[in-house]
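Student: Sequence first, then the predicted structure, then my questions.
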Amino acid sequence: MKIFEKVADVREFVTNAKRQGKVIGFVPTMGALHEGHLTLMREAKKQCDVVIVSIFVNPTQFGPNEDYAAYPRTWQQDLELCQSVGVDAVLHPDKDEMYPEDWGTWVEVEGLTGVLCGRSRPTHFRGVTTVVTKLFNIVQPDKAFFGQKDAQQVVVLMKMVRDLNMPLEIVVVPIVRDEDGLAKSSRNGYLTAEQRKAALVLRRALNRADVLARQGESNVDFIQSAVRACIELEPLADIDYVEAYTFPGLQPVTELQQKVLIAVAAKFGTTRLIDNIIIEPAGR
Ligand code: PAJ
């Protein structure tokens, strides 16, 4: 497995692979890898000839009071995990390689970033779209793999790729969970045992939405309220939002007539977790 720290070096690797007609798969990450990330890599291996993973804790997507400095960095373990699933190359640039001192160009998607996580993290998505554009330009993948766990991120990136005519396909991979239902996240490690147990309420609440939809409930406000009520029963959960939007349009919705994203974010202590489910009208 190759390890690159410089943009020029990974470019050369990509140019050679492309010359041989290889299909390039790309999995961008911020490291602290877990089974969710590995599932994306395995899918990329299935669909592509060469798989490149980036590990870069991107400073521009963290707000001033967020956990950029504290974000877990587990480089050695990450490398072993990448190797174990057969990744071909890892790109691990430092901050200056990605953002030189005189850097100052942003990519911003309008219309989808003012809701959900965009409301409580107003500069987050322009950091994501900017770094992902840079990474796409560097790696020039044919396919890029993202998790449904970050549903809004995927929708925003798909719009960016379409709007800017980026020549690649985005592949979305379902949410990977621990056996007890907690969605895998690099931030789960921040949780105390008690908070971790409390955090299971998110999955329970989202399952409630699914059950209601399957039973024929079509009032989205009612479903949303039921999810909120379920989370409110957990004293350790501090709700940031419980919201429902059409998927993938992220438009307001009152009747369950098409796919609807129910997305939740809540803090357990200082750790903010997100989770979501896509529900459909009964009988589909
Ligand atoms: P990160 O949080 O490291 O996640 C990298 C990828 O793994 C994302 O596409 C995310 O949706 C996916 N992922 C995380 N947990 C998952 C789970 N439990 N199941 C399925 N997929 C999961 O998302 C980012 O990094 C950054 O914003 C990035 C896109 C790399 C830009 O900096």
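Tutor: Cool, got the structure.
Student: When you work out contacts or count neighbours from here on, use the C-alpha atoms and nothing else.
Tutor: Fine.
Student: For the top helix by length along the chain, list every residue counted as buried.
Tutor: The single longest helix within the chain, with elements called by DSSP state H, is helix 193-214. By 16 or more other C-alpha atoms under 10 Å, the buried positions in helix 193-214 come out as 195-196, 198-210, 212-214.
Student: for stretch 45-64, same thing?
Tutor: 45, 48, 50-62.
Student: end to end, how far does that stretch reach?
Tutor: End-to-end span of stretch 45-64 (C-alpha to C-alpha, to the nearest Å): 36 Å.
Student: just stretch 137-153 next, same as before
Tutor: For stretch 137-153, the separation between the terminal residues is 18 Å (C-alpha to C-alpha).
Student: what sits up against it?
Tutor: Applying C-alpha atoms under 8 Å, 6 or more residues apart in numbering, the external contacts of stretch 137-153 come out as 7, 10-11, 14, 23-28, 36, 40-41, 43-44, 48, 52, 112, 116-117, 125, 128, 154, 167-176, 183, 274-276.
Student: Can you sort out which of the residues you listed also neighbour the ligand?
Tutor: 28, 36, 128, 174-176, 183 (C-alpha under 6 Å from any ligand atom).
Student: For ChimeraX, write the selection for the buried entries among the residues you listed.
Tutor: Burial among those is assessed by 16+ other C-alpha under 10 Å; the matching ChimeraX selection reads:
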select :28,36,128,175,176,183
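Student: Tell me which of the ones next to the ligand among the contacts of stretch 137-153 fall in strands.
Tutor: Pro28 (DSSP state E).
Student: Distance to Asp94 for the ones next to the ligand among the contacts of stretch 137-153 - can I get that in CSV?
Tutor: Shown next, in CSV, are these (distance: C-alpha to C-alpha, whole Å):
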residue, distance to Asp94
Pro28, 15
Gly36, 24
Val128, 16
Pro174, 30
Ile175, 29
Val176, 28
Ala183, 29
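Student: Ile231: which of the ones next to the ligand among the contacts of stretch 137-153 is nearest?
Tutor: Closest approach between these and Ile231, by C-alpha to C-alpha: Ala183, at 15.5 Å.
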